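> A structural model of the following input is requested.
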Amino acid sequence: MKRIISMTLVMLLVLGSLCMFACKANEDEIPENAIYVTISDGSLALVRRAVSLSDADGDGATTIGDALVLAHDAAYEGGAAAGFGAAETEYGLSMTKLWGITSGAYGYCVNDASAMSLYDAVAVGDHVYAYVYRDLETWSDVYSYFDRSAVETAKGEQVTLTLTYVGYDAAWNLVTAPVADAVITVNGEATSYTTDAEGKVTLSFDKKGSYTLSATSETLTLVPPVCVVAVK
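Predicted structure coming up:
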């Protein structure tokens, strides 16, 4: 009898371990109809979170607003009801809360291009980036982005990225320019890598894993750029 009980306990432990492994594997899987969402509340709060795109508000379209609702439901404590808000304004549907912050100063892009309204359509595979402005006095925040937001590479293989920011000239014309002398961060830690005068940086990784790259600048208030590097 004791032997039977012992064998039963062993089987339960094995099955439990398999269940834990399966659950973890499912968490890492990319959902069907995936769209990717990044949110900055001054620092990176959410990085390329994959969510299954759907018409969250039931208006018959899949939009930036839907993507942000889905991302908050998936990753913010209390879901979109607690962390996200939007209301109709003269500019269309506009954010009133992002990642729990109600400052009223937000921006968002789709595939690193500016958007007009939360009603703007999005599609499977798009990358939505929403952010909170940090500088509410001089509005010096500038959106910045790497030329790739996701990279797959091998151990020891060199990866070259270009960092660009979007700003305005003296006549308030939209301009893009390279971000020079930016310090590259990996998983939130500053590295010795910096961008050159053309905004380029080359780096490599000696261990397998997933790495989140961003950057900081002493001369620009950067909305943190994002590139997720998967080293196989």
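
> can you give me the distance of the residue most central in space within the chain to residue 125?
Centroid-nearest residue in the chain, with Cα atoms, centre = their mean: residue 38, separated by 2.2 Å. Distance, residue 38 to residue 125, using Cβ to Cβ, to the nearest Å: 14 Å. Just so you know, the C-beta spots here come from the backbone N, C-alpha and C atoms, and that holds for glycine as well.

> now swap in residue 213 and tell me
Residue 213 is 20 Å from residue 125, by Cβ to Cβ.

> which of the two has more neighbours?
Using other Cβ atoms under 10 Å, the more surrounded residue of residue 213 and residue 125 is residue 213, with 26 against 11.

> what's residue 208 in contact with, if anything?
Residue 208 is in contact with 155, 231, 232, counting by Cβ atoms under 8 Å, 6 or more residues apart in numbering.

> distance-wise, check the first one relative to residue 186.
When Cβ to Cβ is the yardstick, residue 155 and residue 186 sit 15 Å from each other.

> of these two, which one has the most company?
residue 186 (15 against 12).

> kindly state the beta-bridge partners for the more buried one.
residue 189, residue 213 (DSSP bridges).

> and for residue 40?
Beta bridges link residue 40 to residue 44, residue 131, judged by DSSP bridges.

> and it, how many residues sit next to it?
Using other Cβ under 10 Å, the number of residues around residue 40 comes to 26.

> thinking it is in contact with residue 224, fair?
Yes - the criterion here is Cβ atoms under 8 Å, and residue 40 meets it with residue 224 at 5.4 Å.

> domain-wise, how is the protein divided?
Listed by automatic domain parsing, the domain ranges of the chain are 30-133, 137-232.

> any chance of a markdown table for these, columns mean pLDDT?
Below are these laid out as a markdown table (pLDDT from 0 to 100):
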| stretch | mean pLDDT |
| --- | --- |
| domain 30-133 | 96 |
| domain 137-232 | 96 |
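
> which of these sits most buried?
domain 30-133 (a mean of 18; mean count of other Cβ atoms under 10 Å).

> endpoints of it, how far apart?
Distance between the two ends of domain 30-133: 30 Å, counting by Cα to Cα, to the nearest Å.

> same question, stretch 32-50
One end of stretch 32-50 to the other measures 9 Å (Cα to Cα).

> tell me the strands beside the helix or strand hosting residue 94, with direction?
For residue 94, the host element (DSSP states H and E) is strand 92-97. With DSSP bridges as the test, strand 92-97 is paired with strand 85-89 (antiparallel).

> residue contacts, the nearest residue to residue 150 once chain neighbours are set aside?
In space, and not counting its chain neighbours, residue 150 is closest to residue 228: 5.1 Å by Cβ to Cβ, 6 or more residues apart in numbering. Contact analysis of residue 228 by Cβ under 8 Å, 6+ apart lists 47, 48, 149, 150, 151, 210, 211, 212, 213.

> for residue 58, helix, strand, or coil?
Counting by DSSP: H, G, I helix; E, B strand; the rest coil, the backbone at residue 58 sits in coil.
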